[in-house]
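> Dropping the sequence and predicted coords here.
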Amino acid sequence: MPNLAELNALDREEFTHLVGPVFEHSPWVAERSWAARPFATREQLHAALCETVRRASAAEQLSLIRAHPDLVGRAILTRASQAEQASAGLGDLTPDEVALFERSNRAYRERFGFPFVICARLNKKDAILAAFPGRLRHSPEKEIETALEEIYKIADLRLRDLVS
């Protein structure tokens, strides 16, 4: 686990390789944020990464959201996503709960065109299931904003795991 000084000393390629996975399958966030070094704190690094996403085009933001897997889906998960979903209790679902997640995911994707993103490490399965109906009532613009805010939470927790 590198400390912040070590992270600040990395060249763009090394920095992107190490920090890139903080945003699911989207190393462009780390690559574009590299120029903002040096970061005085982990929080400053997180803020710079989030600002990179905020300044990205709408298409890039949608691509970032779409890079996330469905909860309880059939996609091959990154190690981080596996651990995050397991921490929310999503690895030990009954067949009825799996079916409920599948129906909820399908309804959400049909409405918005991207997967339901929530910070699983900050929620348990019941809270996640309870969030679907309210979020399905959002406008597409509001839901993009909500999904990005959840992604920022995920990134913060992943950074805490990455940087000492």
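Arrived safely.
> average pLDDT for the host helix or strand of residue 135?
With the criterion set as DSSP states H and E, the secondary-structure element containing residue 135 is helix 125-136. In this model, helix 125-136 has an average pLDDT of 96.
> How far away from the center of its chain is that helix?
In terms of Cα atoms, centre = their mean, to the nearest Å, the centre of helix 125-136 is set 17 Å apart from its chain centre.
> buried ones in that helix?
Residues of helix 125-136 classed as buried: 125, 128, 131-132, 135 (neighbour count, 16 or more other Cβ atoms under 10 Å). From N, CA and C alone the C-beta is placed, and that goes for glycine too.
> State which helix of this protein is the longest.
The residue-count maximum for a helix in the chain (DSSP state H) belongs to helix 140-162.
> now the angle between helix 125-136 and it, please.
Following axes from the mean of the first three to the mean of the last three Cα atoms, to 10 degrees, one obtains 150 degrees for the angle between helix 140-162 and helix 125-136.
> Could you export helix 140-162 as CSV, CA atoms only?
C-alpha atoms of helix 140-162 as CSV (Å, rounded to 0.1, in the frame of the first residue of the first chain):
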residue,chain,number,x,y,z
PRO,A,140,-32.9,10.6,-16.0
GLU,A,141,-30.8,13.7,-15.2
LYS,A,142,-31.4,13.3,-11.4
GLU,A,143,-30.5,9.6,-11.6
ILE,A,144,-27.2,10.3,-13.5
GLU,A,145,-26.4,12.7,-10.7
THR,A,146,-27.3,10.2,-8.0
ALA,A,147,-25.3,7.4,-9.7
LEU,A,148,-22.2,9.6,-10.0
GLU,A,149,-22.5,10.5,-6.3
GLU,A,150,-22.6,6.8,-5.4
ILE,A,151,-19.6,6.3,-7.6
TYR,A,152,-17.7,9.0,-5.7
LYS,A,153,-18.5,7.2,-2.5
ILE,A,154,-17.2,3.9,-3.9
ALA,A,155,-14.1,5.6,-5.1
ASP,A,156,-13.4,7.2,-1.7
LEU,A,157,-13.6,3.8,0.0
ARG,A,158,-11.4,2.2,-2.7
LEU,A,159,-8.9,5.0,-2.2
ARG,A,160,-8.9,4.4,1.6
ASP,A,161,-7.9,0.8,0.8
LEU,A,162,-5.2,1.8,-1.7
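> starting at the chain centroid, how far to that helix?
Going by Cα atoms, centre = their mean, where helix 140-162 is centred and where its chain is centred differ by 5 Å.
> residues in contact with that helix?
With contact meaning Cβ atoms under 8 Å, 6 or more residues apart in numbering, helix 140-162 is reached by 1-2, 18-19, 21-24, 42, 45-46, 49-50, 53-54, 61-62, 64-65, 68, 80, 84, 112, 114, 116-119, 121-122, 135, 138.
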